[in-house]
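Engineer: Build the 3D model from these lines:
(one chain, ligands or ions: 1)
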Amino acid sequence: MGRWKGCDNANFTGMCQDFRDSLIECHDLPVELKDRMTSVAVVSGQYCWFFEGNKCLGTKLEVKPPGTLNLRGRRFDNAIRSWKCWKQE
Ligand SMILES: [Ca+2]
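Structural biologist: Numbers count the residues shown, from 1 in each chain. Next up is the predicted model:
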């Protein structure tokens, strides 16, 4: 299973949500969670791509464990709409 955690604010504060779904496939965020993630944690042994568009379209950001405390530093703040994770080789 692909697993990651996303929070509204930097440093894993604000509203947080754990995500768990199949690896390799694309998953859209629930509509109320789109365009608001600011910190993301990715479990060890996996990496994830986050996309600014629905259905894994548009610009993407690769995030490796342990994740990032503030997506602003990677120019991806409040931009995630869909995601896809893989097992790390
Ligand atoms: Ca935010």
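Engineer: what residues does the chain put near the ion?
Structural biologist: Proximity of the chain to the ion, by CB under 5 Å from the ion, involves residues 8, 36, 38, 78. In this view, the C-beta of every residue, glycine as well, is placed from N, C-alpha and C.
Engineer: Buried ones from the residues you listed, can you make that a PyMOL selection?
Structural biologist: Filtering the residues of the chain next to the ion down to the buried ones (16 or more other CB atoms under 10 Å) takes a single PyMOL command:
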select buried, resi 8+36+38
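Engineer: what's the closest of the residues of the chain next to the ion to residue 62?
Structural biologist: Closest approach between those and residue 62, by CB to CB: residue 38, at 17.3 Å.
Engineer: Enumerate every residue touching that closest one.
Structural biologist: Contact analysis of residue 38 by CB atoms under 8 Å, 6 or more residues apart in numbering lists 7, 8, 9, 10, 14, 70, 71, 72, 77, 78.
Engineer: Report pLDDT for the first one.
Structural biologist: In this model, residue 7 is scored at 98, pLDDT.
Engineer: excluding its backbone neighbours, what's nearest it?
Structural biologist: Closest residue to residue 7 apart from its sequence neighbours, by CB to CB, 6 or more residues apart in numbering: residue 16 at 4.1 Å.
Engineer: same deal with the third one?
Structural biologist: Once its chain neighbours are removed from consideration, residue 9 has its nearest residue in residue 38; the separation is 5.4 Å (CB to CB, 6+ apart).
Engineer: Over to the fifth one?
Structural biologist: Counting by CB to CB, 6+ apart, residue 14 lies nearest to residue 8, which is 3.2 Å off, once chain neighbours are set aside.
Engineer: Going by neighbour count, list what's buried in the helix or strand hosting the one you found.
Structural biologist: Counting by DSSP states H and E, the element that carries residue 8 is strand 2-9. Residues of strand 2-9 classed as buried: 2, 3, 4, 5, 6, 7, 8 (neighbour count, 16+ other CB under 10 Å).
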